[in-house]
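J.: I'll drop the sequence and a predicted model, then ask my questions.
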Amino acid sequence: LIGLITGSIWGKPMWGTWWVWDARLTSFLVLFIMYLGLIALWRAFDDPARAGRIAAILVLVGTINIPIIKFSVDWWNTLHQPASILRVGGPSIHPSMLYPLLIMLAAFAALFATLLLYAMRAEIFRRRVRAAEIIQARPTVIGRQQAQSA
Amino acid sequence: LGYIVAAYGATAIVLGIMTGWVLLDLSAQKRKLERIEGEGGRRPKSSA
């Protein structure tokens, strides 16, 4: 989402447009929509194990989009510039921009790892809450069944 | 320079929302678990 928004803000003064339906931008938008679909799919099921299996299939299918995004600027004629970091002959970006970019790449990776750990902790607590609720509800259900059978 | 400030601003907003969401979710789940465990801990005492 940040890439789409900031890319669009950058595109207006550089390209003269907020958005073009070229291969790089469109494939990146598809990736974002896939992420939204993944979140929706995950929340659509009450059983985390079942949701996990189905979400894993979508993730595997979605992985196909990653090389498409990477090579879209080589395979199609796009307004987006060709690869400027991972390319034969080394990066074409000036060091004054390349190093800040790499530092920010590392910073975002660290932020992502931190948030992922916090989210995993929250998920562990959520599952413990679910298990505790089931345990708490069990005597009531058994008692109700006994009352019905009596 | 307007687009640079706008890009930084948009990034700060998105990161702020995402970080807040994760942290609030964590504290909510923690509170919920403490409440349930607290109720579970009191139950045997009150019934005994």
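T.: Received it, and whenever you're ready, just let me know what you need.
J.: right, and A:Asn54 touches A:Leu38 too?
T.: For residue A:54 the amino acid is Ile, not Asn. No - A:Ile54 is beyond contact range of A:Leu38, at 9.8 Å (criterion: C-beta atoms under 8 Å). In this view, the C-beta of every residue, glycine as well, is placed from N, C-alpha and C.
J.: would you mark the buried spots in stretch A:127-134?
T.: For stretch A:127-134, burial by neighbour count (16 or more other C-beta atoms under 10 Å in any protein chain shown) applies to A:128-129, A:132.
J.: can I get those residues in a markdown table including secondary structure, pLDDT and distance to B:Gly2?
T.: Listed next are those as a markdown table, based on DSSP: H, G, I helix; E, B strand; the rest coil; pLDDT from 0 to 100; distance: C-beta to C-beta, whole Å:
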| residue | secondary structure | pLDDT | distance to B:Gly2 |
| --- | --- | --- | --- |
| A:Arg128 | helix | 89 | 48 |
| A:Val129 | helix | 89 | 46 |
| A:Ala132 | helix | 84 | 52 |
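J.: and the residues you listed near chain B, which?
T.: A:128-129, A:132 (C-beta under 8 Å from any C-beta of the partner chain).
J.: so what's the residue count around residue 36?
T.: If you meant another chain, say so; for now it's chain A. When neighbours are counted by other C-beta atoms under 10 Å in any protein chain shown, A:Leu36 registers 10.
J.: meant chain B actually
T.: 18.
J.: so who does it touch?
T.: A:129, A:132-133, A:136 (C-beta atoms under 8 Å, 6 or more residues apart in numbering or on different chains).
J.: quick one, helices of the chain?
T.: Just going to use chain A. Ranges of helices in chain A, per DSSP state H, are A:2-15, A:23-44, A:48-62, A:65-75, A:95-149.
J.: sorry, should have said chain B
T.: Ranges of helices within chain B are B:2-47, based on DSSP H.
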